[in-house]
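Visitor: 3D model of this:
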Amino acid sequence: MEYVTLRVDWDGDVVVITLHRPEVMNALDAQMRAELRAALREEGARARCVVLTGAGRAFCSGQDLGQEADVTDLDLERVLREEYEPLLRAIWDCPAPVLAAVNGAAAGAGANLALAADVVIAAESAAFVQAFSRIGLVPDAGGTYWLPRQVGFARAMGAMLFAERIEARRAADWGMIWEAVADDAFDAVWRARARTLAEGPTVAYGRVRKLLRASMSSDLDGQLAREAEAQGDCGRSRDFREGVMAFLEKRPAEFEGR
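Guide: Now for the predicted structure:
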């Protein structure tokens, strides 16, 4: 598929999907949302790790408010239900781990697009902003789901009411993201992390993702049952057999994945 608003590059089994509208800080217009959904489904189905990042100085500045002749006439509920929700589901349902490499500002829906990923690595110069209240809106694109689970109720509420910048280092300290990395090391670090995921046991990774998501609304008995079922699946996988043999033979494992 040909993409206009994205750049798609392959590095072995890693697909890097770059939001590529740097002139508007990679703001999300209808075309980019459609192309991103398609890329996540089509490229993600063949990858062992998916990376989302941005071109230029921003990761994503959120909804493109300049796209419509009069943005105040836009049916926001329709846009969320028909365009954003399928995009977020494409990240959620992706068979490969999704890593957000946040290279710069991530604001509004752009921040929540990053937080929807399985792992977020940010350059130290990057920042996250729940900017919605600045224009009289509520956080969307999954922000009210992910953020309180990542940082707790009080911090999520403050971030959404005050709409202040949360620098990458503070985001890491809060548990919002996995790590903040010095700008000069950022590219090398996220690429190494993506390679680690691509070379890892993808069957187990898939079960981990499902288990952690289920744990947020599960009781102990239910979660223990899910763990046992998932471990049974993993125990029957080629990855498990390879992992054990590699351990016994004192060599690196070579996982085949799904």
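
Visitor: residues contacting residue 111?
Guide: Neighbour list for residue 111: 60, 62, 128, 129, 130, 131, 143 [criterion: C-beta atoms under 8 Å, 6 or more residues apart in numbering]. In this view, the C-beta of every residue, glycine as well, is placed from N, C-alpha and C.

Visitor: Quick one: classify it as helix, strand or coil.
Guide: helix (DSSP: H, G, I helix; E, B strand; the rest coil).

Visitor: Which of the contacts of residue 111 lies at the shortest distance from residue 206?
Guide: residue 143 (24.8 Å; C-beta to C-beta).

Visitor: so who does the closest one touch?
Guide: 111, 112, 115, 130, 132, 160.

Visitor: gap between the residue nearest to the third one when sequence neighbours are not counted and residue 5?
Guide: Of all residues beyond its chain neighbours, the one nearest residue 115 is residue 146 (4.5 Å), with distances taken as C-beta to C-beta, 6 or more residues apart in numbering. With the distance defined as C-beta to C-beta, to the nearest Å, residue 146 ends up 24 Å from residue 5.

Visitor: Could you confirm residue 16 falls within a helix?
Guide: No. Counting by three-state DSSP, residue 16 is not part of a helix but strand.

Visitor: Please name the bridge partners of it.
Guide: For residue 16, the beta-bridge partners under DSSP bridges are residue 9, residue 51.

Visitor: That one: neighbouring residues, count only.
Guide: 21 (other C-beta atoms under 10 Å).

Visitor: My read is that it contacts residue 43, right?
Guide: No. With contact defined as C-beta atoms under 8 Å, residue 16 does not count as touching residue 43 (9.5 Å).

Visitor: Need the residues touching each of the two.
Guide: Residues touching both residue 16 and residue 43 by C-beta under 8 Å, 6+ apart: residue 8.

Visitor: can you give me the strands for the stretch 151-258 of the chain?
Guide: For the stretch 151-258 of the chain, the strands defined by DSSP state E, counting those that start in this stretch cover 166-167, 179-181.

Visitor: Would you pull up how far the last one lies from the middle of the chain?
Guide: Right, strand 179-181. 15 Å (C-alpha atoms, centre = their mean, to the nearest Å).

Visitor: buried sites along it?
Guide: Across strand 179-181, burial judged by 16 or more other C-beta atoms under 10 Å covers 180, 181.

Visitor: what does it rub up against?
Guide: 121, 122, 123, 124, 126, 168, 169, 171, 172, 189, 190.

Visitor: same check, this time on the shortest one
Guide: Outside strand 166-167, the residues within contact range by C-beta under 8 Å, 6+ apart are 124, 126, 127, 128, 129, 159, 174, 176.

Visitor: now, which of the contacts of strand 179-181 lie within helices?
Guide: 168, 169, 171, 172, 189, 190 (DSSP state H).

Visitor: Closest to residue 255 out of those?
Guide: Nearest to residue 255 among the ones in helices among the contacts of strand 179-181 is residue 190, at 20.6 Å by C-beta to C-beta.
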